[in-house]
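Trainee: Based on what follows, work out the 3D shape:
(4 chains)
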Amino acid sequence: MPLIIFIIKRFFRLILTVLLVSTIIFFVIRVIPGDPAAVIAGIDATQADVAAIRAQLGTDKPISVQYIHWLRSVALFDFGNSMITGEPVTKQILKRFPITLTLATLGILMGMLIAIPLGVISAVKRWSPVDYFGMLLSQIGMAVPSFWLGIILLLLFAVKIHIFPLFGSGGIKYYILPSLSLGLARAAVILRLTRASMVEELSKEYIITARAKGLTERLVKYKHALKNALIPVITVSGIQFGYMLGGAIIIEQVFSLPGLGRLFLTGIYQRDFTLIQGGVVFIAFVFSLINFLVDILYSVLNPKIRVG
Amino acid sequence: MSKSVDSALEVKNLTKVFHGHSFFRGKQETSAAGKKETGDGDFTAVDRVSFTVKHNTIFGLVGESGCGKTTLARSILFLDPPTSGDVIIDGTNLKNLTHRNLRLFRKRMQIIFQDPNSALNPKLSIKRSLEEGLRNQKYSSGKITGRIDRLLDLVGIPVSCKNKYPHEFSGGQKQRMVIARALSLEPEFLVLDEPVSNLDVSIQAQIINLLMDLKKQFSLTYLFISHDLNLVSYLSDEVAVMYRGRIVEQGPVLAIMENPLHPYTKKLLLSIPGNIEKIKNRENAEIFLTGKKPGKDVELFSLTGCSYYNECPVREDFCLKEEPSLRIVGIGHLIACSNDKYLKNQLLYKS
Amino acid sequence: MKRILQQIIIVVLILLLPAGVLLAKGQKEERALQFALPGNPDTLDPQKTSGTLTFQVLKSIYDTLVEPDQTGKIVPALAEKWSVSTDSLTWKFTLRKGVVFHNGDKLTSRDVKATFNRIRSKKTASPKAKEFGAIKEIDTPDDYTVVFKLKEPSAPFLAALASGWGAILPESLIDSGHNFASEPVGTGPYSLSKWVRDSKIVLKKNPNYWMKGLPAIDTVVLDIIPERSVVVQGIISGQIDIAYRVDKDDLPTLKANPDVKIEKSLSSLILVMAMNSSRPPLNDLRVRQAINYAIDKQKVLDIAYGGGKVIGTFLDYSNAYYKDFTNLYPYDPEKARELIKEAGVTKDTVLQLVLPQNYELHVKAGVMYQEMLTKVGLNVKIKLVDWSTWISEVYRQSKFDLTVIGHTGKLDPDGTLAGYGGMKRYVKWNNPECLSLINKARVTTGFEARKKLYDRALEIMAKQVPFMYLGTNYVYNAIRKDVTGFRMTPKLDTLDFRWTEFK
Amino acid sequence: MKRSSVSSRLMLGAVIYLVILGAAAIAAPVISPYSPTDQHLENRFAPPGHKYILGTDNFGRDNFSRMIYGSRSALLVGIVSVSIAVTIGITVGIIAALSTGIIDNILMLLMDSVLSFPTILLAITVVSFLGYGLLQVMTAIGVIFSPVFARLVRAEALSIKTEEYVEASRAMGSPAVKIVFLHIMPNLMGKVVVQASITFALSIVIEASLSYLGLGTQPPTPSWGLMLKDARNYLVQAPWMSIYPGLALAMTVLSFNIIGDTLSEKINPRIVKK
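Mentor: Sure thing, here's the model as predicted:
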C-alpha cells in the first residue's frame, strides 16, 4: 500500500532527524564547560568527591563509550535516570509534557482564532478600520517580548483585578494568561501572513475576473482564494507551534508553571546530561511529528509541490 | 540553413515514466485520462510514441487534456528528458548531446506555452525577457537592441513598450511577446503547446494568423499541440491523435478528417459542432460519440490490452489480450486497433 | 471594531470552557501556609546533594541528632544528650525514646548507624562524605545508644552532625534501596505529601512529632516561583504568606502594604570578590590591595545585597571566631590608582570578571565592581556563565581572574576555612603558614585555643587579600502580619516551620 | 488614493524613525548626556526630569543614554542575525529545490533537524556552546532562523521552477545559475523580504528573551533586552525603566515591519496593480 510506504519513508526520515539532533546535542553538551558531578558536589566537596560522583554517574568514561551505551538504552526506550535528581527521565518528561502541550495548544489556538479571521477580513477590506486594528494588534504582538507581556498581564489581571491566579498550576484558569501572552506574538505572525497571502490570492487573475462576474461566483472564488491563501498559513502555524513549545520556557518561568521547558532549562543549567538527552529526543520527536503532519497537510492542499 | 536530412523532427519510441509516491500522484491523476499506472507508484505518461515531422510543415497532435501531450512536448525538447526513445532534430539525436551542447542546440528548437500569463517573468521588463536568449548566444549589446526592436515589430508590439512589465499587457499581447521571444534565437522548429487556448476567441485568430505568417516568412516547422481537433485539422499537414499516452491514429490531415478509423478519433471528430449532421446520414455516428458497447469494464490498473477498451463502442473480448500496435491502413495512415472486423467494415464502407 | 474583539474573546472563552471544566479541580481546603521558594531542590535525598534548597526543605522532614538553636548553639535533638571522651575520640549519644519515622518505624541506634554508613559508602558517592571522614567506626551497644569512634580529634564533628547532611534515615528503607530522592521518610515535623517539580512542595504535619504540640500548622506549601516580581505581588495580594530573602529594592513596595511585615536579620554569608592569586597581575599583592581599596564596600552591600556589615577577612560577621580587620583596606580609590600604577598594570591587561548568571545579586554586585574598578584604571570585562560552568570551570579549575560569590557560613569555622593557603582552593593563594594554622585548628579542641589559631590565620588572609572581602548582608523576610513564629536556622539558613502559626 | 497615501506616510514615518535611530546609534557618544555605564548611585530610580530626561535605573545609570547605546545592539542584532539567516536560507533552499533526491533530502534533513527544536531551547544550547554574549546570540539567532528561510525559499523555488517562464528560459539554453538569478531569485525575494522583516523583529525580541534568561548581551553593555530584564523587577516602582526601552523596541520592530510590508508590495507588482 503506497500510503503506508510514504508514511514509513517519512517516519524513517523523522527518526533520522531526531537521531541527528540528539547526537549533535549529545556531543555538544559534553564539550561545553560544566559538569553535573561538580553541580552535585557543590562548593565544599573535594576533587576526590567529585571524581567519585563522576564515576557513579558514568561520566568518567570516554564519550564514545557513553554514546554507545546511551544509544543502546534509547533503543530500549529507556532514557535513564536524571543525573541530578536520580528520578527516571521518562517519568519526569511525561509528567511535564501535558502542561507545556496545554499551554502551547491553547496558545496557538488563541493565536489562530484571533489571527486568521482578522487576517482574512483585513485582506478583503484592506485599509479599513478592521485592517488597521489588525495591524496594530500584530505590531504590538510582535514588538512586545512574551515575558514582558506576561508580567504586564499578571499585574493587570492577577494583581490589580483578581481574575486569574498569580502563580500555580491546575485548572484552566492557570493557563489563560500564559497562553494569551504566548499566543499573541504568534497571532501577530499568523495574522500578517494570512493577510499577505490572502491579498496575493485575491489579486490573482481568476479572482479579478470572478469579481467582475458577480456575487455568487465571487463567493465561490473567495472560498478558493481562502483555501490557497491558507496553505502558507498552515505551514507557518505548524512551525509557529514549534516556537510555542520553545517560547513556553520563558512563559513557564514567568507564570511559575511546571512545564517541560523549565525542566529542560534546569537540565541545561545543571548539565543534567541524561535529562537533556531524553528531553532532546522527546522534544525533537514531538516537533518533527508536527512538522511531518504539516508537510502532509501542505502537500494535500498544494498539489503543485508534490510533483516536485 | 542546411537541410541535410529530410525530416525536421523524428521521434522514435519515446516513453516517459514518472516515478513518485503514488499516494499523492495517484490521487491527483485519476481524473486525468492519459497516465498509466505501472505499479510502485510509477506512471507512464507517454508510451512508445513515434512520428516524423517534415521540414516546413505543421504536425498536429490532438488529445484531451491530460493525455500526455505536454509531457511529450517537454520530452521532445529535453526540458524533461524522455525515459527512453530517441528524439532526432534535423539529424541530431538529442540523447547524444552533452549537457553543454544541448544548451547550445536549444536555440534551434523553441516552445510556445499555453498560458502567456505565466510564460513571462513578472519581474522582468519585456526588453529583459527578450534579451535573455540573445545574451545566452553572446550577441553584442548593440545587436541585441536592434534585434529586440525588430522582433517586437514582427509580432506587432509597439517598440516603445519594451521597458514595460508583463502585467501591463493583455493576454494576446503577452502571447505575441512570447512568440517574439521564441523567435529571438531564429529557431527552425517550434513546439506550439496550445498556443491560443487561453486567449479570447477574437484574439485566437490573430495569433494563429501571426503564427502562419511567421512560418511562411522564416520557413519554420511546427509541432502544434491542441485538444481542438478542428483547429489542428485546419492548420496541420499531418495529424496524430493521442489517448492515454499513446498515439492511436495518425495520418495526413485529409485522411484523418475524411476517414477517421479509430473510435476515439471518431469521437473527437464528432464532438466538433456541425460534424454530426455531416456524417449522420452515412452511418450510426452517435454510438461513437456517446455509446459504449455493453460489457464489463476493467479496472484501469489491471488493464492489459487496448487502453480505450472501457470507452470503446466496438470492443471485443480479444481487445484485452494485448495492446494494439500501430499499423498501416492507408498511405501514411496508421491506426492502433485490434478489431479487424470493425476496421474492414470501416474501410469497405469508405470505398 | 470593539464588537469584533468582544466576539473573538467570547469565542475563545467558549472554546476554552470545556477544557476548563475538565481541568478545574475546585477543592476547598483549610488554610495552608504558603511559602515562596525561588527554585527546586535538586533532590530530597540529604546525602546526595550539596544544594542549599534541598537542605532548607529537608529541615522540616528530617531531624538530626543535634541541632543549632536560635543563637547558633548546638542543642540536643534526636539525641537527648551526648558525651565526649577526654581524648576527643569517642562520642556517645543517647537517643530520645518514642520517636517514630513517617513510615511507622521506631527510631533506634541501628537507624543512626545505617544512616552514617550510607553516607560514607563509596556507592552512595555523597558529596558530603568527607564531613564524616573522621569516623572510624560506629557502635550500637543498645537500642538507644550510639558511639562514634574517630580516627583523630575533630572539632567540626558535632557541627557536621547538626547540619542538613546529618539527617537520620530509617534503616529498613536504606536496606531496601528506597528512593529517598523523591520520597523522603524521616522523623521531622512534616512529611512530604506532594512534590510537583517547578510548581510546589506540599508538606503535611507529622502528628507523632516528638516535640509535643508542634508543629502548629497542618499544611505547609512551598510554592516554587522563580519570578521575583511575582513573589512580591503574591505577598502583597495575600497569596503568599512568607517570602524569604526579598530584594531590598522591593522593600518600599512591600512596606507600603499594611498587611506585610519585614523581618530583618543578618545572614551568615561571606560575600567576596575572589581573585585568582596565581595569575598575573593578581599574583602581585599590590594589585589585590588596590582592588580592595577601589571598592566602596558599604555601597555595594547596600545597593546590590540589601545592606549589611562590612567584613575585613574571610569569616561571616556574626561568627564567634570573627575578628575585625575592616580598617586595613578602607575605600580609597586614589590609593588604588597609585598601587596599580606602581604595579605597572595598564589598560592592556584585561581582567575577566566571571559572574554566575543565576545569582542575580552577585551579578548586580559584579556590575558595580566593574564600574568601580574601571574608575581606578583597570580593564575589567564581565563574563556571565551558568552555575554548572561556574562550579566546574571557575571553582574547580580556577579558570578566572575575578569572580563574585558568597560563601555560606558554617557551624564550625573549619567548614569555611579548610584548605585556604593551599593551592587546592580556587583562589590559588599559596601561604603555607596560613594553611598549617587552619589544619592545626581542626584538631585542636577548646574555643580559646582554636580562636588563637584562627585569629592568626584570619589576619594573614586579611592582609594578603586573596579576596576582596565585602561583607555579610542583611536578609529580609517578608511575612504576612497574621503569621508568626517563622524561624530560620542560624548559619545553616534552613527553614524552620515548627513554631510558625496563624494569628 | 487613500491607501497608498496612508501606506507611504507610514513608510515615511518608519524610514525617518530608523534614520534617526541609526544616526543616534552612530553618534551615541555625542548625543548621550552621560556615559551609559556610569553609575550615579546617589540617584537611583530617579524619575524622568530635567537632570535625567528618561530617569535612571537601579544603579542610577541614565536611562536615555543607555537607550541610545542600546540602539546599537538592537540594530546589530537584527542586521547580523537576519543576514546570516537569509544567506544560509537562500543558499540551502535554492540548492535543495534545484537538486533532486539525495542532496535535497540531506539538506532538508539538516534544516528539519534545526527546526525540530524549539527556538529558545536551541538558542540556549547554541549559546551555551559558544558562550554568552551579543555576538554569540546573533550567530545563534541567525542559524536558528535559517531553516525558516530555507523552507520558504525551497517551497517557492519549487513552485517557480514549474512556471512556464522558467521552462522557456531553459528552452532558450540559459544555464542554471542564470535561471536562478534571473528568474527564481527575483520572484521569491518578495516573500523572503516579508519573512526577513518578521525575522528582524523576532530576532530583536529573541535577544530580549535571551537577555531575560541572562544569556544575551553581557552587562554592563546597554541593550534594550537587558534593560527590560532589569526593569521587570521594578515595574511598579520605576515604570520608566521599562516603558522607554520597551517603546524603543516596539517602534523599531514596527518600523521594520512597515518597511517590509511596503517593500513586499513594491516587489510584487501583481499585488500593487490590484
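
Trainee: Next, residue 131: secondary structure please.
Mentor: You didn't say which chain, so I picked chain A. helix (DSSP: H, G, I helix; E, B strand; the rest coil).

Trainee: Hmm, no, I was thinking of chain C.
Mentor: Classification of residue C:131 using three-state DSSP returns helix.

Trainee: Check the one 10 residues further on too.
Mentor: Of the three states, residue C:141 takes strand under three-state DSSP.

Trainee: where's it relative to residue C:94, distance?
Mentor: 11 Å (CB to CB, to the nearest Å). C-beta here means a position set from N, CA and C on the backbone, and glycine is covered the same way.

Trainee: ok, now residue B:264?
Mentor: Taking CB to CB, one finds residue B:264 at 110 Å from residue C:94.

Trainee: Pick out whichever of those two has more residues nearby.
Mentor: residue B:264 (25 against 16; other CB atoms under 10 Å in any protein chain shown).

Trainee: Show the contacting residues for that one.
Mentor: B:241, B:243, B:248-249, B:308, B:311 (CB atoms under 8 Å, 6 or more residues apart in numbering or on different chains).

Trainee: Can you give me the buried ones in the helix or strand that contains it?
Mentor: Using DSSP states H and E, residue B:264 sits in helix B:263-271. For helix B:263-271, burial by neighbour count (16 or more other CB atoms under 10 Å in any protein chain shown) applies to B:263-270.

Trainee: Out of these, which is nearest to chain D?
Mentor: Nearest to chain D, judged by CB to the nearest CB, of the buried residues of helix B:263-271 is residue B:268 at 26.0 Å.

Trainee: for that closest one, what are its contacts?
Mentor: Per CB under 8 Å, 6+ apart, neighbours of residue B:268: B:62, B:229, B:241, B:260.

Trainee: so of the residues you listed, which ones are in strands?
Mentor: B:62, B:241 (DSSP state E).

Trainee: ok, the spatially closest residue to residue D:45 that is not a sequence neighbour to residue A:254 distance?
Mentor: Setting aside the residues directly before and after it, residue D:45 is nearest to residue D:238 in space (CB to CB, 6 or more residues apart in numbering or on different chains), at 4.8 Å. Separation of residue D:238 from residue A:254 (CB to CB) stands at 19 Å.

Trainee: In terms of neighbours, single out the busier of the two.
Mentor: Higher neighbour count among residue D:238 and residue A:254: residue A:254, with 28 against 22, using other CB under 10 Å.

Trainee: helices or strands next to whatever helix or strand residue A:181 lives in in the packing?
Mentor: Element membership of residue A:181, judged by DSSP H and E, is helix A:173-202. Packing contacts for helix A:173-202, counted by 3 or more CB pairs under 8 Å, 6 or more residues apart in numbering or on different chains; DSSP states H and E, involve helix A:89-124, helix A:129-143, helix A:146-154, helix A:215-254, helix C:2-23, helix D:185-212, helix D:240-267, helix D:269-273.

Trainee: weakest of these by average pLDDT?
Mentor: Note on these: helix D:269-273 shows the lowest mean pLDDT, a mean of 40.

Trainee: Count the neighbours of residue A:170 for me.
Mentor: 15.

Trainee: Then residue B:55?
Mentor: Other residues close to residue B:55 by other CB under 10 Å number 17.

Trainee: Tell me who's in contact with it.
Mentor: By CB under 8 Å, 6+ apart, the neighbours of residue B:55 are B:3, B:6-8, B:188, B:219, B:221.

Trainee: how would you label the residue nearest to residue D:45: helix, strand or coil?
Mentor: Classified using three-state DSSP, residue D:238 is coil.

Trainee: So for residue 32, what's the pLDDT?
Mentor: In the absence of a named chain, this looks at chain A. In this model, residue A:32 carries a pLDDT of 76.

Trainee: please go with chain D instead
Mentor: Reported pLDDT for residue D:32: 83.

Trainee: wait, it sits on residue D:71?
Mentor: No. Using CB atoms under 8 Å, residue D:32 is not in contact with residue D:71; the gap is 10.8 Å.

Trainee: Could you check which of those two has the larger neighbour count?
Mentor: residue D:71 (25 against 19).

Trainee: So what does the more buried one have for phi and psi?
Mentor: Taking degrees, to the nearest 10, you get phi -60, psi -30 for the backbone angles of residue D:71.

Trainee: From chain A, how far off is it?
Mentor: Counting by CB to the nearest CB, to the nearest Å, the gap from residue D:71 to chain A is 15 Å.

Trainee: Skip the chain neighbours and tell me the closest residue to that residue.
Mentor: Nearest to residue D:71 is residue D:25, by CB to CB, 6+ apart, at 4.4 Å.

Trainee: Provide the secondary structure category for that neighbour.
Mentor: helix.

Trainee: surely it meets residue D:68?
Mentor: Yes. Using CB under 8 Å, residue D:25 makes contact with residue D:68 at a distance of 7.5 Å.

Trainee: More neighbours: which of the two?
Mentor: More crowded of residue D:25 and residue D:68, by other CB under 10 Å: residue D:68, with 23 against 18.

Trainee: so who does the more buried one touch?
Mentor: So residue D:68 contacts D:24-25, D:28, D:31-32, D:36 (CB under 8 Å, 6+ apart).

Trainee: I believe it is in a strand; please confirm or correct that.
Mentor: No. Counting by three-state DSSP, residue D:68 is not found in a strand; it is helix.

Trainee: ok so, going back, narrow the contacts of residue B:55 to those that are buried.
Mentor: B:7-8, B:188, B:221.

Trainee: Now do the buried residues in stretch A:277-294.
Mentor: Within stretch A:277-294, the residues that count as buried by 16+ other CB under 10 Å are A:277-288, A:290-292, A:294.

Trainee: related to what we said a few turns ago, using TSV, please lay out the contacts of residue B:268 together with pLDDT.
Mentor: TSV is the format used below for the contacts of residue B:268 (pLDDT from 0 to 100):
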residue	pLDDT
B:62	90
B:229	85
B:241	91
B:260	83
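
Trainee: which of the contacts of residue B:268 are close to chain D?
Mentor: Applying CB under 8 Å from any CB of the partner chain, the subset of these adjacent to chain D is empty.

Trainee: Nearest to residue C:264 among the contacts of residue B:268?
Mentor: residue B:62 (97.1 Å; CB to CB).

Trainee: For stretch A:66-86, which residues meet the burial criterion?
Mentor: In stretch A:66-86, counting by 16+ other CB under 10 Å, buried: A:66-67, A:70, A:74, A:79-86.
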